[in-house]
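*Asks:* Give me coordinates for this.
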Amino acid sequence: MSEREPTWHERPEDFLASWSSTRGNLRRFFEERALPPIDDSTQQKAGEAAAAMAASELFGLDLKDFTSGLDSVSGSYEAADSTHLHIPTSDIPGSGAAAFFDVDNTLIQGSSLIVFALGLARRRYISLGDIIPVAWKQLKFRVTGAENAEDVAEGREQALEFIKGRSVAELVDLCEEIVDTHMRDKLWPGTKQLADKHIAAGDQVWLVSATPVQLGQILAKRLGFTGALGTVAEVKDGLFTGRLVGDILHGPGKRHAVAALATMEKLDLSRCTAYSDSINDTPMLSMVGTAVAINPDRQLSKEAKRRGWEIHDYRSLRKAIRTFGVPALATAVFSWKAFRRSPNESA
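*Replies:* As a prediction, this is how the structure comes out:
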């Protein structure tokens, strides 16, 4: 007759040892086979999937575009050596309100790139011959009243090539000179008043422009703005490499950067306002609670009216032409000249 196996009542220490071993085997089975451990690669893929879902749901962007925006914002922070140039004060902590201003023809009259190129020429970074293609693009904008995305992108790439191998400190000095002597006197007073209202309300105020980030940040600092996002040139050992960091902040690039900035600054885009003159900035204008067209080109003017956006036009001559028409203005001019001549003629 075979020996009977002892029950757990009789030999509890053996049972516990056996159960401990079995439990360990079960745990290893679940960890290694049924539920394998999450390695670094798996965690990264899961994180990317979650980030892609958030970027799509919150901003309608794919992860690549959102990441490019993050690079632009991070590069702008690094260029300023700070996240904020000025800290906004608000009676409503964490209100999440901000204003985003385009620069060219929205905040200042004309093209910051032309001013920048002329400044480079004065310092003999470039020749006058190098400025001609840039000037031609700006002339087309002046005549047509519309900004060409390809022209802007090409112009920014040219600017990156112009500063390749130059020191950052040297460029910052040049940008300070450009802002103080050639840009501050070209501000549209009406746009500056709008920005000042946001500052007084405690909102963050950001420049968002394709202009070189150093130029934008110095202008923002002079005006008391929170900061500036711009086209960021890569820097290595204090010198520009001629390569781009993130997006050229033009058209969709501005949307990518503003989405990233909203995430990093915890902004509520429904409480934010964006200002621009160009139809190319519709992606940025359409992502905020309040969109305002400043000195709009013809296409943006139509789009703003269609969407019910605010419109402010500070260009007196163009505004008068749209309001009264060319024939009426011509009649007024001739009448004024006739009135000026009449006293002499009667004498």
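
*Asks:* could you list every residue that touches residue 228?
*Replies:* 76, 80, 85, 206, 207, 208, 209, 213, 216, 217, 219, 220 (C-beta atoms under 8 Å, 6 or more residues apart in numbering). For the C-beta atoms, the positions are set from N, CA and C on the backbone; glycine is no exception.

*Asks:* Now name the helix or strand holding the third one.
*Replies:* Read it as residue 85. In the assignment (DSSP states H and E), residue 85 maps to no helix and no strand.

*Asks:* now residue 261: how far from residue 103?
*Replies:* 16 Å (C-beta to C-beta, to the nearest Å).

*Asks:* wait, what's in contact with residue 70?
*Replies:* Taking C-beta under 8 Å, 6+ apart as the definition of contact, the neighbours of residue 70 are 246, 260, 263, 264.

*Asks:* For the helix or strand containing it, buried residues please.
*Replies:* Assigning secondary structure by DSSP H and E places residue 70 in helix 63-80. By neighbour count, and taking 16 or more other C-beta atoms under 10 Å as the criterion, the buried residues in helix 63-80 are 65-77, 79-80.

*Asks:* count of neighbours near residue 249?
*Replies:* The local packing of residue 249 (other C-beta atoms under 10 Å) involves 32 other residues.

*Asks:* and what of the one 5 residues further on?
*Replies:* Burial of residue 254, expressed as a neighbour count using other C-beta under 10 Å, amounts to 29.

*Asks:* That one contacts residue 285, correct?
*Replies:* No - with contacts defined as C-beta atoms under 8 Å, residue 254 does not count as touching residue 285, sitting 9.2 Å away.

*Asks:* which residue ranges form the strands in the stretch 151-300 of the chain?
*Replies:* In the stretch 151-300 of the chain, the segments counted as strands under DSSP state E, counting those that start in this stretch are 204-212, 227-236, 239-245, 273-276, 290-294.

*Asks:* okay, the ones you listed in a markdown table with distance to residue 108 next?
*Replies:* Conversion of the strands of the stretch 151-300 of the chain to a markdown table gives the following (distance: least, C-beta to C-beta, whole Å):
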| stretch | distance to residue 108 |
| --- | --- |
| strand 204-212 | 10 |
| strand 227-236 | 13 |
| strand 239-245 | 23 |
| strand 273-276 | 12 |
| strand 290-294 | 11 |
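
*Asks:* Dump the ones you listed to TSV, plus distance to residue 61 and mean pLDDT.
*Replies:* What follows is the strands of the stretch 151-300 of the chain, written out as TSV (distance: least, C-beta to C-beta, whole Å; pLDDT from 0 to 100):
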stretch	distance to residue 61	mean pLDDT
strand 204-212	16	93
strand 227-236	16	93
strand 239-245	18	90
strand 273-276	16	98
strand 290-294	18	98
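
*Asks:* Which one, of those, ends up nearest to residue 165?
*Replies:* Using C-beta to C-beta as the criterion, the shortest distance between residue 165 and the strands of the stretch 151-300 of the chain is 5.9 Å, found for strand 239-245.

*Asks:* Give the bridge partners for residue 244, please.
*Replies:* Residue 244 forms beta bridges with residue 233, as assigned by DSSP bridges.

*Asks:* What is the burial count for it?
*Replies:* Neighbours of residue 244 under the rule other C-beta under 10 Å: 17.

*Asks:* How much space separates it from residue 235?
*Replies:* Distance check for residue 244 against residue 235: by C-beta to C-beta, it reads 12 Å.

*Asks:* same thing with residue 63?
*Replies:* Using C-beta to C-beta, which is the criterion applied here, residue 63 is 26 Å from residue 235.

*Asks:* got it, and residue 250?
*Replies:* Taking C-beta to C-beta as the criterion, residue 250 is separated from residue 235 by 21 Å.
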